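J.: The following comprises the amino acid sequence and a computationally predicted model.
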Amino acid sequence: MSRTAEAIKNIEKISPRTVPLFEGVCAGHRGCQGCGEVAALRMAVKAAGPNTIAVSATGCMEIITSPYPQTAWNIPWIHVAFENAAAVAAGVEAGRKILYEKGGIKEKANILVFAGDGGTADIGLQALSGALERGHNLTYICLDNEAYMNTGIQRSSSTPFGATTTTSPAGSRSIGQVTWKKNVAAIAAAHNIPYVATAAPAFHIDLMNKVRRSLAAPGAAYIHVFAPCPTGWRCAPELSIETSRLAVNSRIFPLYEVVDGVYSISRDVAKPIPVADYLKTQRRFSHLKEEQINLIQERTDKEWARLQALVRATNPA
Amino acid sequence: MAKEGLHSWEKLPLGCSVPEAGSAAAYNTGDWRSGRFPFTQRESCIKCGLCYIMCPDICYHPDPQAEGYYTWDSFYCKGCGICIHECPKKAIVWKDEKEEEEYGSACGD
Amino acid sequence: MIEVRFHGRGGQGAVTSSELLALAAISEGKYASAFPSFGPERRGAPLQAYLRISPDPIRLREEIYNPQVVVVIDPALVANPAIKAGLGEDGLLVVNSTHDLDRIKQECAFPGRIARVDANSIAQQELGVPITNTTMIGALLKACPGLVEIESLRHPLEERFGANASKNLKALQRAFNETII
Amino acid sequence: MAQRVGIEVSLACAEAVKLARTDVVSAYPITPQTHIVEHLAELVANGELEADFIPVESEHSAMSACIGSVAAGARTFTSSSAQGLALMHEMLFIASAMRLPVVMAVANRALSGPLNIWNDHSDIMAERDIGWVQTFAENGQEVVDLTLHAFKVAEDPRVSLPTAINMDGFILTHVIESIELPDQKDVDAYLPPFKPLQILDPGRPRSLGVVGGPEIYTEARKAETVALENAYAVVTEHFEGLRKQFGRAYKPVETYKSEDAEVLFITMGSLGQTCMSAVDEMRAAGRKAGVVRIRLWRPFPAGDFIDAVKGARQIIVCDRAISPGACAAPVGAEIKSLLFNRKINNIYVSNPIIGLGGRDVTRQFFKDIYAQAVKDAASGKPMATEIMGVKE
């Protein structure tokens, strides 16, 4: 058993009956109706518990939780800027570590970093890479709603192929986003950090346990969370959580873990639904033609096969 | 004169911080809701708690009076309907706000 | 105040020469400043290093334009006209060369005082490598009596070279003895 | 007893950071700052400094990590220069707005382009308005003393603002000179452990760095501005502390042969040293010249400055940075605005821009500038800002 596997095997597991009542983020936040991102954020902080320091990048979650003179945070929280949450967290971690060693701090604390896909895949990628490479003991959670929602639905490198956004609008000569979604979890895994995972709020127990496992892992951890945005995706607010379920069940967003380089699929979708069933819930994809939907299906199948190959390659028989 | 600020600069916490945790709880988001609200029919409820954990606005809380059930909070509910969609037993339904004078009854007792 | 300019190539330790002398002077209670020709140092490229030593605090932050002494660490630079820049006829040129003084005078066309030592041979014999920066300090001290005491260099050499300090000190001492003016 | 030793100024700066018992160093290498952070990394690696050294991947992250580290309650240091400082730009404002007392040594260097690694003040002058306490060191000893002073001022609960010590790249950073390194016990007596006013503590959760809308942003900026203005008294108080503890006296503004001077040079940083030497020679030649050296740049010591120049009929404000398209160079503009505020209109202000990108400033150059300035004033030429020593 690898060092990380050993470290995370005995975590206090959360089950449907033992969901922690602790709220790290309180009601009264200004999230949109049906915000899947804040739902996922709340789950993550619940799992981490009160002995946690949160670091946020600029973005929806930061804006909706901290308009002066109020804060929705029940745990110590810091926001500095858009592109540097990982670096700020690195400083918090280093500062606390040395103070603990010198006796100035008596207790260790979890460090959770929250950033959106823009703050992670685009402008914050360098700071993220630096923090992961240096191995700070923290968990970085990307809450991926697949575009710059805070500023009005502009495309990011995490926006999926075919989605229309305000800066990748579908038109007579464009299908919307023409590039494929950047795979930041794979980039994180390429840093050979102890723990990488993907999660979705529809699978809340899995998500919360992944947060616990990431915190138990010795060193830097990364969790990529699929965070539906009814506002930006043009879907009904009540379908927010459902959308993340469909994403997983269509294999367009597979749930998996990489523990010390060893891949495992957390939810083996034996009979996937067609990606078309996922796409049709969101008007950001409503302009797509069958040909493009087929392309997305092909790509999804290929990525799933690649993931399976990684599982085989990293789990010796 | 220009519009005045929220309060004196001399009363500002250091670095414009917010020293009081969870103070957003005082903020009413219930008035974002328009016309209808989710109503739990307890006779159908199986106490799974999905309404509690899936609600992005933290409107459901364990009912101190009835173990396993959850109460709903009109002060925060923005009316997104996630609880209604996620409830595996379809125990939560929309109700017209005009029908109910008292939200207290929304928890279905 | 005395101002000295060193000429060498990147990697030959001209900067180290000026630094060691500054440290020695300061340890004697004098004031000194040592600095390289500012910029990226590239191995092999000709470079200069500067040294000021004074009994009083040094306030001057300009470069050295009119040194009283120029030390040439690399024999191949002796004929380079840059070594004479700003050096008055009453100045002193300390060179690493195997040639006799008359020939050096011709090579560099400098009418003033010249001190020479075959630092390459000494360094090769004493250190096993032709790195002449510490050796040339010996020649400089011979030509400039009282600049600093040789003994004052012992500690800076030990700090810089550790176990090899004594070998460097010996090479320096030999150069001091073998320098012809 | 503290000893006077020969040491490179960069290393002396790092030694001061060590003597300050710094907890975290977060830095990215850039010429001419490198020797400072290399030496700190070495001190940490050897266990001589019990600190965490974060070898970040950019200056932006360096300052971001400093902000996080101070917010965690750790005494924190960084150092940068030119392009690195420019990359930090965004973070510098946030560090002061959040009132987090980071200490930074700036090895002043020209901003690109063209790429130039040599000294001038264009890097820090582009950061004038960051809300930090900013001092300029003139020699290696000042670098050491001002570094200790920076921690003392920054962390003072009456200030709680980040502080930068400026030192001329190469001209100071790469020079070995005679410096007295204080004893640890004296530094401990001068600089007690850091007691932050608010930290990220699960035992007392607070939110730092919140959104401040139109209804509070003005008040937030007012509070920060007043804090920096009020730092003046603390700066001088802790200068006095330096004198008592280490025997070296410092003032926000220093003068040299200014009492009876008719013409005063105004300098910042190492320029003042060569300028004093030039003034000595000019005095010997019968010219009534003097020097006023600005050590504290932010908050600007207006009263001290006015006191220093009020007897002169002409001042020559030496700038090492350009403010393109502006009415004056940065220091020149500051001083002209101050004189105007005080209704002082009998001083002729020349504003030469000199020493850009490593161009050496010599005693002779000061004499030339003096001659030109006196001629301009005599001829009634309008006061102007001019880049000097340009090859036509």
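T.: In hand now; what should we look at? Numbers count the residues shown, from 1 in each chain, chains lettered A, B, ... in the order given.
J.: show me what contacts the closest residue to residue A:234 other than its chain neighbours?
T.: Of all residues not flanking residue A:234 in the chain, residue A:283 sits nearest, at 3.3 Å (CB to CB, 6 or more residues apart in numbering or on different chains). All C-beta atoms are positioned from the backbone trio N, CA, C, and that covers glycine. Residues in contact with residue A:283, defined by CB atoms under 8 Å, 6 or more residues apart in numbering or on different chains, are A:233, A:234, A:235.
J.: what do you get for residue D:245?
T.: D:182, D:186, D:189, D:190.
J.: List the buried residues for the strand or helix carrying it?
T.: For residue D:245, the host element (DSSP states H and E) is helix D:217-246. For helix D:217-246, a neighbour-count test (16 or more other CB atoms under 10 Å in any protein chain shown) marks D:218-220, D:223-224, D:227-228, D:231-232, D:234-236, D:238-239, D:241-242, D:245-246 as buried.
J.: Equivalent analysis for stretch D:120-140, please.
T.: Buried-residue list, stretch D:120-140, by 16+ other CB under 10 Å: D:120-128, D:130-140.
J.: Filter those down to the ones in helices?
T.: D:122, D:123, D:124, D:125, D:140 (DSSP state H).
J.: and the stretch 151-300 of chain A, which of its residues are near chain B?
T.: A:201, A:204, A:230, A:236, A:237, A:238, A:239, A:240, A:241, A:242 (CB under 8 Å from any CB of the partner chain).
J.: What is the neighbour count of residue C:31?
T.: 20 (other CB atoms under 10 Å in any protein chain shown).
J.: all helices of the stretch 151-300 of chain A, in order?
T.: With DSSP state H, counting those that start in this stretch, the ranges of helices along the stretch 151-300 of chain A come out as A:184-189, A:204-216, A:230-233, A:240-249, A:275-279, A:290-314.
J.: Take those and lay them out in JSON lines including distance to chain C, mean neighbour count and mean pLDDT.
T.: Below are the helices of the stretch 151-300 of chain A laid out as JSON lines (distance: least, CB to the nearest CB, whole Å; neighbours: other CB atoms under 10 Å in any protein chain shown; pLDDT from 0 to 100):
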{"stretch": "helix A:184-189", "distance to chain C": "34", "mean neighbour count": "20", "mean pLDDT": "98"}
{"stretch": "helix A:204-216", "distance to chain C": "44", "mean neighbour count": "24", "mean pLDDT": "98"}
{"stretch": "helix A:230-233", "distance to chain C": "49", "mean neighbour count": "22", "mean pLDDT": "97"}
{"stretch": "helix A:240-249", "distance to chain C": "52", "mean neighbour count": "23", "mean pLDDT": "98"}
{"stretch": "helix A:275-279", "distance to chain C": "55", "mean neighbour count": "19", "mean pLDDT": "98"}
{"stretch": "helix A:290-314", "distance to chain C": "45", "mean neighbour count": "14", "mean pLDDT": "98"}
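J.: which outside residues touch stretch D:324-332?
T.: Taking CB under 8 Å, 6+ apart as the rule, stretch D:324-332 contacts D:121, D:125, D:128, D:266, D:268, D:294, D:317-319, D:321-323, D:333, D:336, D:349, D:351, D:353, D:385.
J.: just checking, next helix/strand downstream of the worst-scoring helix or strand of chain C on mean pLDDT?
T.: When the helices and strands of chain C are compared on mean pLDDT, DSSP states H and E, helix C:101-108 comes out lowest with a mean of 92. Downstream of helix C:101-108, the first helix or strand assigned by DSSP H and E is strand C:113-117.
J.: Can you name the next helix or strand after that following strand?
T.: Heading C-terminal from strand C:113-117 (DSSP H and E), you reach helix C:119-127.
J.: Now do whichever residue of chain B sits closest to chain C against chain D, distance only.
T.: Distance from chain C to each residue of chain B (CB to the nearest CB) is smallest for residue B:15, at 38.7 Å. Using CB to the nearest CB, to the nearest Å, we find residue B:15 at a distance of 4 Å from chain D.
J.: Over to residue C:179?
T.: 25 Å.
J.: For chain A, what is the nearest residue in chain C?
T.: residue C:40 (25.4 Å).
J.: Output stretch B:41-59 as CSV, nothing but the C-alphas.
T.: Below are the C-alpha coordinates for stretch B:41-59, written out as CSV (Å, rounded to 0.1, in the frame of the first residue of the first chain):
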residue,chain,number,x,y,z
GLN,B,41,-45.6,16.2,2.9
ARG,B,42,-44.3,14.4,5.9
GLU,B,43,-46.5,11.4,5.3
SER,B,44,-44.4,10.6,2.2
CYS,B,45,-41.0,11.6,3.7
ILE,B,46,-38.5,8.8,4.3
LYS,B,47,-36.1,11.0,6.3
CYS,B,48,-33.3,10.5,3.8
GLY,B,49,-32.0,14.1,4.3
LEU,B,50,-31.4,14.8,0.6
CYS,B,51,-33.4,18.0,0.9
TYR,B,52,-31.0,19.0,3.7
ILE,B,53,-27.8,18.3,2.0
MET,B,54,-28.7,19.3,-1.6
CYS,B,55,-30.2,22.7,-0.7
PRO,B,56,-27.7,25.4,-1.8
ASP,B,57,-29.2,27.9,0.5
ILE,B,58,-29.1,25.8,3.7
CYS,B,59,-32.8,26.1,4.3
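J.: is it anywhere near chain A?
T.: Yes: counting by CB under 8 Å from any CB, contacts between stretch B:41-59 and chain A involve B:48, B:49, B:52, B:53, B:54, B:55, B:56, B:57, B:58, B:59.
J.: before we move on, back to that, in helices, which of the contacts of stretch D:324-332 fall?
T.: Among those, the members found in helices (DSSP H) are D:125, D:333, D:336.
J.: For the stretch 101-250 of chain D, which residues are neighbours of chain C?
T.: D:117, D:118, D:119, D:139, D:168, D:170, D:171, D:174, D:175, D:176, D:177, D:178.
J.: can you map out the strands along the stretch 151-300 of chain D?
T.: D:163-168, D:176-181, D:207-208, D:253-256, D:263-267, D:289-294, D:296-298 (DSSP state E, counting those that start in this stretch).
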